[in-house]
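K.L.:
A predicted structure for the sequence below; I have some questions about it.
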Amino acid sequence: MGFPGTWMTESESMVYRVVPKCACSTIGQIMHYSDHGRFFDGDIHDATEGLHKWALEASKPRIEANVTEHKSFAFSFVRNPYNRILSSFFDKIAGIQRNGQRYRGNLVPQLAQKYGIEVEGDFDQIAMFRRFLLFARDTIRFRKPMDPDIHWSSMSGHISTFIVNGGRYDRIFWTEQFNDGMQAVLDAVETPVPVDLGEIPRFNESAGHGPKMAHKVEEFFDDLSMHLTYEIYKRDFDLFRYDFENPGNKMPVGEIDLDEVHAKLGR
């Protein structure tokens with residue numbers, strides 16, 4: 001299976017396991033800059049040079065050799081599950097993508113038909129999100145009406161493939177404390193080009209795709225929605241120390257235990 005979703009600088013200064021909807025655009029651009037002294041012109045997800053990616057055939061042997069021998073600092077970032085699933089809805093379901101189309105072509109019409117999700121015009125954001133949450137649960141728990149999409153499949157699922165196939169993380173950070181986490185990465189490695197994190201812009205490639213969120217996070221989650229979210233993301237809440245009881249609290253409530261993460265996700 002190898003190391004899907006893994007990016008590595010060409011200098012092999014650092015290895016990053018991408019978790020969608022967790023600041024991956026900014027992290028990828030920082031990695032690119034740290035080698036080349038410039039940002040990739042465009043969405044870093046589209047880059048086919050300047051960064052090793054598991055999706056690029058020429059990069060696979062380099063990544064595999066590095067990760068299996070743990071030659072470089074390996075890290076990932078995670079995000080509060082409530083905020084992440086909301087972001088997925090507004091970006092991927094309610095939003096228009098870079099190509100001017102709906103995400104995955106016929107996905108939104110299919111959702112409208114099967115789950116009554118309507119995202120045209122001035123729609124009821126809370127009601128439509130809750131219907132989407134039911135759809136997301138069905139894709140993850142039952143793989144129906146389709147396999148789960150990477151943008152709303154569990155973070156622990158993404159994180160685990162790296163461990164199962166022989167990798168080991170040095171740190172896992174929270175996007176809610178992005179600057180602290182990314183600075184810790186930069187402090188732990190030597191890069192060809194120095195990076196001043198204070199000068200780095202944020203590359204939120206999904207910004208502007210969808211409508212503006214009209215309510216507070218906690219207003220989207222009634223008791224049933226909270227329990228659906230916990231059903232989907234129990235391991236994410238538990239392993240990465242997020243607060244299930246309060247959707248309005250996006251901050252972690254404890255420290256991530258890396259040994260526990262490797263033990264529970266490495267099976």
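P.N.:
Done, it's in.
K.L.:
and stretch 255-267, what's buried?
P.N.:
256, 261-262, 265 (16 or more other C-beta atoms under 10 Å). Every residue, glycine included, has its C-beta placed from N, CA and C.
K.L.:
what sits up against that stretch?
P.N.:
156, 159-160, 163-164, 168-169, 171-172, 174, 235, 239-241 (C-beta atoms under 8 Å, 6 or more residues apart in numbering).
K.L.:
among these, name the ones in helices.
P.N.:
In helices, judged by DSSP state H, the following of the contacts of stretch 255-267 are found: 156, 159-160, 163-164, 235, 239.
K.L.:
name the member of these with the most neighbours.
P.N.:
Ile159 (26 neighbours; other C-beta atoms under 10 Å).
K.L.:
roughly how far does that one sit from Ser76?
P.N.:
6 Å (C-beta to C-beta, to the nearest Å).
K.L.:
so how far is the lowest-mean-pLDDT helix or strand in the chain from its chain's centroid?
P.N.:
Every helix and strand in the chain was compared by mean pLDDT, DSSP states H and E; the lowest is helix 107-115, with a mean of 86. Centre-to-centre, helix 107-115 and its host chain are 24 Å apart (C-alpha atoms, centre = their mean, to the nearest Å).
K.L.:
same check, this time on stretch 12-22
P.N.:
That offset, for stretch 12-22, works out to 9 Å (C-alpha atoms, centre = their mean).
K.L.:
again with stretch 120-130
P.N.:
23 Å.
K.L.:
stretch 151-168 too?
P.N.:
The answer for stretch 151-168 is 11 Å, by C-alpha atoms, centre = their mean.
K.L.:
how far does it stretch from one end to the other?
P.N.:
23 Å (C-alpha to C-alpha, to the nearest Å).
K.L.:
buried set for it?
P.N.:
In stretch 151-168, counting by 16+ other C-beta under 10 Å, buried: 151-163, 165, 167.
K.L.:
and stretch 89-97, by the same measure?
P.N.:
Those would be 89-95, for stretch 89-97 by 16+ other C-beta under 10 Å.
K.L.:
tally of neighbours for the closest residue to Leu111 other than its chain neighbours?
P.N.:
Sequence neighbours aside, Ile117 is the residue nearest to Leu111 in space, at 4.3 Å (criterion: C-beta to C-beta, 6 or more residues apart in numbering). Around Ile117 there are 23 other residues, counting by other C-beta under 10 Å.
K.L.:
surely Ile117 is in a strand?
P.N.:
No. Looking at Ile117 with DSSP: H, G, I helix; E, B strand; the rest coil, it is coil, so not inside a strand.
K.L.:
what about it, distance to Phe135?
P.N.:
Distance from Ile117 to Phe135, by C-beta to C-beta: 7 Å.
K.L.:
element containing the residue lying closest to Phe244 once chain neighbours are set aside, please.
P.N.:
Distance criterion C-beta to C-beta, 6+ apart; nearest residue to Phe244, sequence neighbours excluded, is Phe237 at 4.7 Å. Under the criterion of DSSP states H and E, Phe237 resides in helix 223-239.
K.L.:
list the contacts of the residue nearest to Phe244.
P.N.:
By C-beta under 8 Å, 6+ apart, the neighbours of Phe237 are 81, 230, 243-244.
K.L.:
in helices only, show me the residues you listed.
P.N.:
Those of the contacts of Phe237 lying in helices (DSSP H): 81, 230.
K.L.:
could I get the contacts of Phe237 as CSV with distance to Gln101?
P.N.:
Converted to CSV, the contacts of Phe237 look like this (distance: C-beta to C-beta, whole Å):
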residue, distance to Gln101
Pro81, 28
Tyr230, 33
Asp243, 36
Phe244, 35
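K.L.:
picking up where we left off before, who does the least confident helix or strand of the chain touch, helix- and strand-wise?
P.N.:
helix 125-142 (3 or more C-beta pairs under 8 Å, 6 or more residues apart in numbering; DSSP states H and E).
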